[in-house]
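Novice: Kindly return the folded structure for what I paste below:
(one chain, ligands or ions: 1)
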Amino acid sequence: MEAYQEFVTNIKKLTRIDLSLYKEKQMKRRIYSLMKRNNMADLASYFMLLKHSERHLKEFLNYITINVSEFFRNPAQWTVLEKEILPLLIAKGKILKVWSSACASGEEAYSLALLFEKIGYNKVDILATDIDDDALEAARLGVYSEKSVENVPEELKRTFFMVKEGKYFIKEEIKKKVKFKNLNLLEDEFPKNCDLILCRNVMIYFTEEAKDRLYKKFYDSLADDGVFFVGNTEQILMPQKYGFMSIKSFFYKKLK
Ligand SMILES: C[S@@+](CC[C@H](N)C(=O)[O-])C[C@H]1O[C@@H](n2cnc3c(N)ncnc32)[C@H](O)[C@@H]1O
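Specialist: Next up is the predicted model:
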């Protein structure tokens with residue numbers, strides 16, 4: 001077996017993360033740069049290091065999962081969400097089930113909670129999931145840099161954050177609106193009956209095969225007329241193949 005394939009198999013056994021579903025070139029670049037940083041000459045010895053050192057395994061997982069995020073990332077899309085998509089969903093007159101499916105340190109999920117505050121709608125359940133436990137821990141803590149909250153509208157920032165020594169602490173009333181949980185998109189079962197799913201800035205790391213599988217799972221996970229919201233470089237090539245209809249750039253509706 002080629003050394004990389006063997007590494008991938010071993011990592012799957014050790015962590016449940018299937019690197020074969022992540023784009024190989026990009027993944028290799030990241031792995032080799034970590035190996036260099038740790039003076040590891042080959043993949044086999046690097047795997048041994050990961051197996052026996054929790055610190056290095058943590059470093060590896062953090063580096064390959066890429067947690068970069070910010071509140072209201074790509075603000076123009078959030079305006080479309082607020083003005084054009086949410087009114088459609090709210091018209092359903094039910095408790096909305098919303099899922100932020102690769103939530104990193106919570107920025108996206110809390111942006112949703114803030115947006116529902118802004119429009120004064122509180123019949124909503126927000127679930128936020130990620131594969132990375134460290135990111136989820138940071139999400140539950142809810143402390144952010146000034147840069148990360150840059151796109152939060154001033155009024156929301158004033159009302160729902162406490163600022164201390166340059167850090168922005170999200171208030172408890174927003175925190176309690178979001179439920180965080182570990183979920184591996186490539187392995188785990190998806191929640192059902194979601195009215196809105198966000199899957200943003202993670203598909204770019206996956207192979208075509210993985211994406212194909214995920215679009216089908218997201219379709220099944222949506223309620224009738226549910227909406228799927230993707231990242232700025234992640235438009236679905238043939239949405240109808242998966243039962244989606246594009247209703248706005250980056251927003252897809254589930255067709256029955
Ligand atoms: C760049 S962040 C995106 C955060 C947010 N959605 C945004 O757009 O700002 C990518 C996130 O995907 C998560 N991720 C990577 N592989 C995953 C998987 N197989 N299942 C669930 N989350 C995954 C990473 O841990 C990371 O937090």
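
Novice: which stretches of the protein form strands?
Specialist: Counting by DSSP state E, the chain has these strands, from start to end: 96-100, 124-130, 143-144, 161-164, 167-170, 178-182, 194-199, 222-230, 244-248, 251-254.

Novice: Those: which one's closest to the ligand?
Specialist: Between the ligand and these, the tightest spacing by CB to the nearest ligand atom is seen for strand 124-130, at 4.7 Å. C-betas here are computed from N, CA, C, even on glycine.

Novice: Please point out which parts of that closest one sit buried.
Specialist: The neighbour-count criterion (16 or more other CB atoms under 10 Å) identifies 124, 126, 127, 128, 129, 130 as the buried residues of strand 124-130.

Novice: Let me have these in CSV, extended by distance to residue 32 and pLDDT.
Specialist: Below are those laid out as CSV (distance: CB to CB, whole Å; pLDDT from 0 to 100):
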residue, distance to residue 32, pLDDT
124, 44, 97
126, 38, 98
127, 36, 98
128, 32, 98
129, 29, 98
130, 25, 97
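
Novice: Can you sort out which of these also neighbour the ligand?
Specialist: By CB under 6 Å from any ligand atom, the members of the buried residues of strand 124-130 lying near the ligand are residue 130.

Novice: ok, how many other residues are close to the residue nearest to residue 146 when sequence neighbours are not counted?
Specialist: The shortest distance from residue 146 to any non-neighbouring residue, by CB to CB, 6 or more residues apart in numbering, is to residue 166 (6.2 Å). Using other CB atoms under 10 Å, the number of residues around residue 166 comes to 7.

Novice: hang on, isn't residue 166 packed against residue 144?
Specialist: No: with contact defined as CB atoms under 8 Å, residue 166 does not reach residue 144; the gap is 10.5 Å.

Novice: burial of residue 39, as a residue count?
Specialist: By other CB under 10 Å, the burial measure for residue 39, its neighbour count, is 9.

Novice: residue contacts, residue 109?
Specialist: The neighbourhood of residue 109, defined by CB atoms under 8 Å, 6 or more residues apart in numbering, consists of 100, 103, 126, 128, 139, 178, 180.

Novice: could you redo the last one with a cut-off of 10 Å?
Specialist: Applying CB atoms under 10 Å, 6 or more residues apart in numbering, we find residue 109 in contact with 69, 98-101, 103, 126-130, 139, 174-175, 177-180, 198.
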